[in-house]
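> need a structure here:
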Amino acid sequence: MAEPIRILIADDHEVVRDGLRLILEDEEDFAVVGEAADGIEAVRLTGELQPHVVLMDLRMPGATGAPGMGGLEAIEHIRVRWPDVAVVILTTYNEDELMLRGLRAGARGYLLKDTKRQILFDSLRAAARGEALLRPDVLARVLNQLPTARRESESAPRGDIALTEREREVLAGVARGERSKEIAARLGISERTVKAYLSSIYNKLGVDSRAAAIAVAAERGLL
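Next up, the predicted model:
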């Protein structure tokens, strides 16, 4: 029998942690190995427990000036120290810009706190496999709601990022949640070529993941 997916839940609300634990422990291939109430504890437990996936709430102590370490800072620490650990953001509809910052910091994807159970399960399994979690419906809403002033200020230096037409097509596919083989089929190229384009896009944007590429591209007005 395959090793269960080890999950660490990081959320400052005990009722949320309890609910997630009960839901996840009903599935045979999940094992909740720990819970954290703030960013500092999340980083410490990641090092001690070596989970496959960390479910990270961004709105924890430290996120808005309160003492402690928030989820965003915790993601940055985890990404640097344990790059193989997949961090998945727990987000709500009123924290779009913070969610984009989390993706840019190294989170592999995001889930809404009202996500249906099966989507939660499928997303965690995908994260454990190393796949990016880019929900097209939520991403579209985020891009549409970015304040105009922020778009203009963030996109000011975009002239320094010269993506080719094909790279933009590949990036658009990523933003729609398409996998490499789906992008390849749509554009009539090989999956290996898609991966080469992705590597070039990552290099130009200064990122190392699909999620981060979407976040940076969105902030700079490239989508």
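> number of residues surrounding I7?
Under the neighbour criterion other C-beta atoms under 10 Å, I7 is assigned a count of 26. In short, each C-beta sits where N, CA and C put it, glycine included.
> beta partners of it?
Taking DSSP bridges as the rule, I7 bridges to V32, V53.
> any stretches of this structure with poor pLDDT?
1, 62-68, 93-96, 133-160, 223 (pLDDT under 70).
> any idea how it splits into domains?
The record, using automatic domain parsing to delimit domains, assigns the chain the ranges 5-133, 148-219.
> deepest in the core, which of those is it.
domain 5-133 (a mean of 19; mean count of other C-beta atoms under 10 Å).
> gap between that domain and the chain center?
Taking C-alpha atoms, centre = their mean, to the nearest Å, one finds domain 5-133 lying 9 Å from the centre of the chain it belongs to.
> for the spatially most central residue of the chain, give the beta-bridge partners.
The centroid of the chain falls nearest to G109 when counting by C-alpha atoms, centre = their mean (2.2 Å). For G109, the beta-bridge partners are V88, L133 (DSSP bridges).
> wait, isn't it in contact with I89?
Yes - counting by C-beta atoms under 8 Å, G109 touches I89, with 7.1 Å between them.
> which neighbours do those two share?
Taking C-beta atoms under 8 Å, 6 or more residues apart in numbering as the criterion, G109 and I89 both touch L103.
> show me the helices in the chain, by range?
14-24, 39-49, 71-81, 96-105, 117-128, 136-145, 148-155, 165-175, 180-187, 191-205, 210-219 (DSSP state H).
> tabulate those helices (JSON lines), appending distance to V33.
Converted to JSON lines, the helices of the chain look like this (distance: least, C-beta to C-beta, whole Å):
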{"stretch": "helix 14-24", "distance to V33": "11"}
{"stretch": "helix 39-49", "distance to V33": "5"}
{"stretch": "helix 71-81", "distance to V33": "15"}
{"stretch": "helix 96-105", "distance to V33": "22"}
{"stretch": "helix 117-128", "distance to V33": "13"}
{"stretch": "helix 136-145", "distance to V33": "27"}
{"stretch": "helix 148-155", "distance to V33": "37"}
{"stretch": "helix 165-175", "distance to V33": "31"}
{"stretch": "helix 180-187", "distance to V33": "31"}
{"stretch": "helix 191-205", "distance to V33": "31"}
{"stretch": "helix 210-219", "distance to V33": "23"}
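> between these, which one is nearest to E3?
helix 117-128 (10.1 Å; C-beta to C-beta).
> put the alpha carbons of that closest one into PDB.
Extracted in PDB, the C-alpha atoms of helix 117-128 (Å, rounded to 0.1, in the frame of the first residue of the first chain):
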ATOM      1  CA  ARG A 117     -14.900  18.100  -0.500                       C
ATOM      2  CA  GLN A 118     -14.000  16.200  -3.600                       C
ATOM      3  CA  ILE A 119     -12.200  19.200  -5.100                       C
ATOM      4  CA  LEU A 120     -10.300  19.500  -1.900                       C
ATOM      5  CA  PHE A 121      -9.200  15.900  -2.100                       C
ATOM      6  CA  ASP A 122      -8.300  16.000  -5.800                       C
ATOM      7  CA  SER A 123      -6.400  19.300  -5.300                       C
ATOM      8  CA  LEU A 124      -4.300  17.900  -2.400                       C
ATOM      9  CA  ARG A 125      -3.500  14.800  -4.400                       C
ATOM     10  CA  ALA A 126      -2.400  16.900  -7.300                       C
ATOM     11  CA  ALA A 127      -0.200  19.100  -5.100                       C
ATOM     12  CA  ALA A 128       1.400  16.000  -3.600                       C
END
